[in-house]
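>>> no FASTA, just this:
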């Protein structure tokens with residue numbers, strides 16, 4: 001199974017670039033930019049990666065993001081992630097970034113997207129990894145802030161495939177951003193949104209009906225609403241599930257309780273992703289391995305998860321068919 005996981009062409013569709021900031025790189029960038037960290041060593045920082053809920057994680061996450069200052073910093077962050085993808089057989093990535101995390105502390109939008117997009121171009125040319133970039137709005141901030149961010153993105157529209165919605169889910173329903181998403185759709189962006197992780201199944205309904213999303217990020221609480229499950233199955237709506245993240249944040253108490261294979265067997269288009277791998281204990285390969293270790297996952301299920309990731313991506317149909325053919329041959 002380990003060899004098969006590596007051999008299968010896989011797409012990662014739910015990855016926060018800021019969440020791939022490893023402690024080693026964080027310390028390196030802090031030193032480069034003369035920033036003092038609250039932790040004396042890499043080991044001490046790793047010990048701090050113990051969370052009881054999403055908000056406790058986000059508190060540390062935003063502290064870490066503060067070391068990202070220059071275009072080169074954002075390039076190095078993205079490139080480090082792409083190198084890991086190359087090791088793990090990931091052929092296509094659709095990472096998201098949170099511009100408000102950076103512009104709110106004085107870093108220019110051009111600096112952020114300049115470094116990220118240059119690394120993604122190099123990923124295609126040097127590593128053969130294709131990509132589509134997602135710009136996420138922070139849902140704990142205001143609608144006005146999201147609209148300002150959408151305006152800042154206008155000169156860089158050709159570099160951004162879709163807009164998304166992330167950060168603290170509780171008390172920040174998708175409907176809060178309905179007008180922002182409508183405007184983004186008018187401008188030609190695709191849409192995705194986090195829903196049904198900590199928030200209820202109702203948030204998934206809102207993301208579908210009000211934000212008109214192409215994919216739901218997380219969505220594991222859909223099982224609480226049978227009518228919603230039937231809709232997801234009939235519409236083949238993709239759910240970008242993140243197993244290690246879900247257990248780290250106590251959405252599930254243990255991986256053996258995770259419902260990804262239950263949903264897969266019912267016909268929901270679920271797939272495996274790593275979310276914030278530096279903080280949650282592993283990249284894509286580790287997430288697949290966790291399912292094999294704690295759930296009775298078969299080779300057929302494994303191949304279907306990889307197939308779903310390719311089919312749910314925003315890559316051109318011809319590219320999808322090429323990867324799907326390889327999966328069918330393994």
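Perfect, I can see it now. This structure is a prediction, so every number in the text was calculated from the model and none was measured.

>>> can we go C-alpha only for contacts and neighbour counts from here?
Fine.

>>> ok, residue 133 - contacts?
Contacts here follow C-alpha atoms under 8 Å, 6 or more residues apart in numbering; on that basis residue 133 touches 94, 95, 96, 97, 159, 160, 161, 162.

>>> count of neighbours near the third one?
The one in question is residue 96. 26 (other C-alpha atoms under 10 Å).

>>> tell me which residues form a beta bridge with it?
Per DSSP bridges, the residues bridged to residue 96 are residue 16, residue 134.

>>> Tell me the spacing between it and residue 192.
10 Å (C-alpha to C-alpha, to the nearest Å).

>>> who touches both of the two?
Joint contacts of residue 96 and residue 192 (C-alpha under 8 Å, 6+ apart) are residue 164.

>>> follow-up on the earlier one: just put the contacts of residue 133 in CSV and tack on pLDDT and distance to residue 311.
CSV is the format used below for the contacts of residue 133 (pLDDT from 0 to 100; distance: C-alpha to C-alpha, whole Å):
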residue, pLDDT, distance to residue 311
94, 98, 13
95, 98, 16
96, 98, 19
97, 98, 22
159, 98, 21
160, 98, 20
161, 98, 16
162, 98, 17
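
>>> Most neighbours among the residues you listed, which one?
residue 96 (26 neighbours).

>>> quick one: contacts for that one?
Contacts of residue 96 (C-alpha under 8 Å, 6+ apart): 14, 15, 16, 17, 133, 134, 135, 136, 164.

>>> again, only this time at 6 Å
16, 134, 135 (C-alpha atoms under 6 Å, 6 or more residues apart in numbering).

>>> Neighbours of residue 52, how many?
With other C-alpha under 10 Å as criterion, residue 52 counts 10.

>>> In a helix, residue 105, correct?
No: judged by DSSP: H, G, I helix; E, B strand; the rest coil, residue 105 forms no part of a helix; its state is coil.

>>> Got the confidence number for residue 38?
The model reports residue 38 with a pLDDT of 83.

>>> Can you tell me what sits against whichever helix in the chain runs longest?
Longest helix in the chain by number of residues (criterion: DSSP state H): helix 71-87. Identification of contacts with helix 71-87 by C-alpha under 6 Å, 6+ apart yields 111, 115, 116, 119.

>>> Run the chain-centre distance for it.
Distance, stretch centre to chain centre, for helix 71-87: 15 Å (C-alpha atoms, centre = their mean, to the nearest Å).

>>> do the same with stretch 137-155
Its chain's average C-alpha position is 18 Å from that of stretch 137-155, according to C-alpha atoms, centre = their mean.

>>> Let's have the contacts of residue 133 in CSV, adding distance to residue 306.
Shown next, in CSV, are the contacts of residue 133 (distance: C-alpha to C-alpha, whole Å):
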residue, distance to residue 306
94, 15
95, 17
96, 20
97, 23
159, 26
160, 24
161, 22
162, 22
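
>>> Sort out which residues of the helix or strand of the chain with the lowest mean pLDDT are buried, please.
When the helices and strands of the chain are scored by mean pLDDT, DSSP states H and E, helix 54-65 comes last with a mean of 80. Neighbour-count burial for helix 54-65 flags 54, 57, 60, 61, 64, 65 (criterion: 16 or more other C-alpha atoms under 10 Å).

>>> Please apply the same query to stretch 323-330.
323, 324, 327.

>>> List of residues touching it?
So stretch 323-330 is contacted by residue 8 (C-alpha under 6 Å, 6+ apart).

>>> Just the mean pLDDT for it, thanks.
On average, stretch 323-330 scores 97.

>>> Out of the contacts of helix 71-87, the closest to residue 196 would be?
residue 116 (28.2 Å; C-alpha to C-alpha).

>>> follow-up on the earlier one: in strands, which of the buried residues of stretch 323-330 fall?
Members of the buried residues of stretch 323-330 lying in strands (criterion: DSSP state E): none.

>>> Redo the residues you listed as a markdown table? Include distance to residue 87.
Output for those, formatted as a markdown table (distance: C-alpha to C-alpha, whole Å):
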| residue | distance to residue 87 |
| --- | --- |
| 323 | 17 |
| 324 | 20 |
| 327 | 18 |
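
>>> Among those, which lie within helices?
Those of these lying in helices (DSSP H): 323, 324, 327.
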